[in-house]
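Q: pasting a predicted model and its sequence here:
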Amino acid sequence: MAFLMKHTWLAAVFSTLLFTMLPCGMLCSPQARAAALQEYQVKAVFLFNFTQFVEWPPAASPNTAEPIFICILGEDPFGAYLEDAIRDEHVDNRTLAVRRLSTADDAQACRILFISRSESARVETILQHVKPLPALTVSDARGFGERGGMVGFVTEDNRVRLRINLEAARAAGLTISSKLLRVADVVANQGASR
C-alpha cells in the first residue's frame, strides 16, 4: 500500500498520536487482525519519522554513499509497511533501507534498531550488546524505555504513544528533537531517580 497521504498524515500522527484500535476482546476477528496491521503501519511511519527527528553523531554515518538502515531484530511485525513508508524517501541526500537481523551482532550499520516483541526476554542483553553503537533503539516490548531502550511504543487508551528514555539516547550520542519530545512521555531506567 502506497502512503499517498504520508506527509499530511504524519503531521497529524506526531501532533496527536491518535490511533484507534478495536477492543482486545475482538483479537480473533478479521477486523482485529486488520487493526493490528494498521497499528504496525502507524509504527512503520514513526520509524521513518525518527530519521528526521533524531540527530546522530557524525561518526554514525562515515559512509555517506551507503543507505540509512532501519533494522528489525527478531520476528518482523511490519510486513511490507516499513518498505512502503520509506520508499522514495531521502534523509541528508541518502536513501533509506530496511534490514532484517537474526542477531544483535549484525546491528553495526543500523541507524534505527527495532527490537521485536519476540525478543522481550532478551531485551536487556540486546541493549547491552548494542550500547556502544550510535543506533536509536525502538521496541514495543513491555517497559522498553524503563529497561534501558530509547523509544518504546505503548498502546494506552487505544492509542499508540511514545515513551522516550533521554538518558539512554544521550548516552549513545543521539539528540532527540524537542518536537518529538513534546508528544512523548519521558521515562527513566528502572530504579533511576528522576
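A: Cool, the structure landed.
Q: helix, strand or coil: sort out the closest residue to Asp105 other than its chain neighbours for me.
A: Spatial nearest neighbour of Asp105, chain neighbours left out: His129 (7.5 Å); criterion: Cβ to Cβ, 6 or more residues apart in numbering. All C-beta spots, glycine's among them, are computed from the backbone N, C-alpha and C. Under DSSP: H, G, I helix; E, B strand; the rest coil, the three-state class of His129 is helix.
Q: isn't His129 up against Leu101?
A: No - His129 lies out of contact with Leu101 (Cβ atoms under 8 Å); the separation is 11.5 Å.
Q: who has more neighbours out of these two?
A: Leu101 (19 against 14; other Cβ atoms under 10 Å).
Q: is the more buried one bridged to anything, and to what?
A: Legend: beta-bridge partners of Leu101 under DSSP bridges are Leu73.
Q: contacting residues for it?
A: Shown in contact with Leu101 (Cβ atoms under 8 Å, 6 or more residues apart in numbering): Cys71, Ile72, Leu73, Ala107, Cys110, Leu113.
Q: and it, how far is that from Glu39?
A: Using Cβ to Cβ, to the nearest Å, we find Leu101 at a distance of 22 Å from Glu39.
Q: over to Asn93?
A: Going from Asn93 to Glu39 by Cβ to Cβ gives 32 Å.
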